[in-house]
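Asks: kindly generate the corresponding structure for this input.
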Amino acid sequence: MTFSCIPEIIEPEIIDPLPLAVERKCNPKDICCFDLGDQVGEFNLFSNWEFIAFQQRKGSSFDNLTCKARIAVFALGGKNYDAVFRVMLKFEKSSSALNSCVGLPHFELRTFSNEIKGCYAAKKDQTIQLKTPNESITYLHGPANTTLPVLAFEQDILADIQNVESYIIESNKLYLSVKGKSYKLLFVARKD
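Replies: All right, here's what the predicted structure looks like:
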């Protein structure tokens, strides 16, 4: 039998560390939440692109204007979660039919209030210029079109599209840089 004044040393319990990052999933009822995780696949300028937001820098939060406009269109358009309106951009390889775009490929941008058809010139160094002649912008009536968020969004997106100077595609994300602006237009590729 041994006696000691020192208490017995107990081995500490090993606890697994918490994960460093918790995957954040969007609530299906949050029309302003987007999965920005990298997706598997090949994405190029000719993918179908959904506009997400005006973003100051990669990884930063989004502007409030786009979300407010989405909410206005959603609230006044029937509140259908299965058919939330998407602002979509599509670049085509075929030539534009517009008189002021002879010989240039065309693009289409569908916003909350407008259908914009135009042409573009893209180079291998990822510079790009988009042209949107006035006759190629069609106003589409909708219940939210006269709300302040939608009016402000439409004004900003049209001005920015006309001043795009370069693009970058990173995985399933398209960033359009706008001349004189610190933010980029962020789009995510849509498979549907």
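
Asks: secondary structure class for the spatially most central residue of the chain?
Replies: When CA atoms, centre = their mean is applied to the chain, the residue found nearest the centroid is Ile52 (2.4 Å). Three-state assignment for Ile52 (DSSP: H, G, I helix; E, B strand; the rest coil): strand.

Asks: same thing with Ser177?
Replies: Under three-state DSSP, the three-state class of Ser177 is strand.

Asks: isn't it up against Lys184?
Replies: Yes - at 5.5 Å, Ser177 counts as touching Lys184 under the criterion of CB atoms under 8 Å. Glycine gets a C-beta too; all of them are placed from N, C-alpha and C.

Asks: just for this structure, where's the confidence low?
Replies: 1-10, 12, 14-24, 58-59, 192 (pLDDT under 70).

Asks: for the chain, what spans make up the helices?
Replies: With DSSP state H, the ranges of helices along the chain come out as 64-76, 148-161.

Asks: could you export these as a markdown table, including mean neighbour count?
Replies: Listed next are the helices of the chain as a markdown table, based on neighbours: other CB atoms under 10 Å:
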| stretch | mean neighbour count |
| --- | --- |
| helix 64-76 | 19 |
| helix 148-161 | 18 |
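
Asks: tabulate the ones you listed in JSON lines, adding columns for distance to Phe46.
Replies: Formatted as JSON lines, the helices of the chain follow (distance: least, CB to CB, whole Å):
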{"stretch": "helix 64-76", "distance to Phe46": "24"}
{"stretch": "helix 148-161", "distance to Phe46": "17"}
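
Asks: between Ser177 and Lys184, point out the one with more neighbours.
Replies: Lys184 (23 against 19; other CB atoms under 10 Å).

Asks: the nearest residue to that one once chain neighbours are set aside - how many residues pack around it?
Replies: The spatial neighbour of Lys184 that comes closest, neighbours along the chain excluded (CB to CB, 6 or more residues apart in numbering), is Tyr175 at 4.4 Å. Using other CB under 10 Å, Tyr175 is surrounded by 18 other residues.

Asks: ok, Tyr175 touching Leu185?
Replies: Yes - using CB under 8 Å, Tyr175 makes contact with Leu185 at a distance of 7.1 Å.

Asks: overlap in contacts of those two?
Replies: Residues touching both Tyr175 and Leu185 (CB atoms under 8 Å, 6 or more residues apart in numbering): Gln55.

Asks: give the contact list for the residue lying closest to Phe62 once chain neighbours are set aside.
Replies: In space, and not counting its chain neighbours, Phe62 is closest to Ala53: 3.4 Å by CB to CB, 6+ apart. When contacts are counted by CB under 8 Å, 6+ apart, Ala53 touches Phe62, Asp63, Thr66, Cys67, Leu186.
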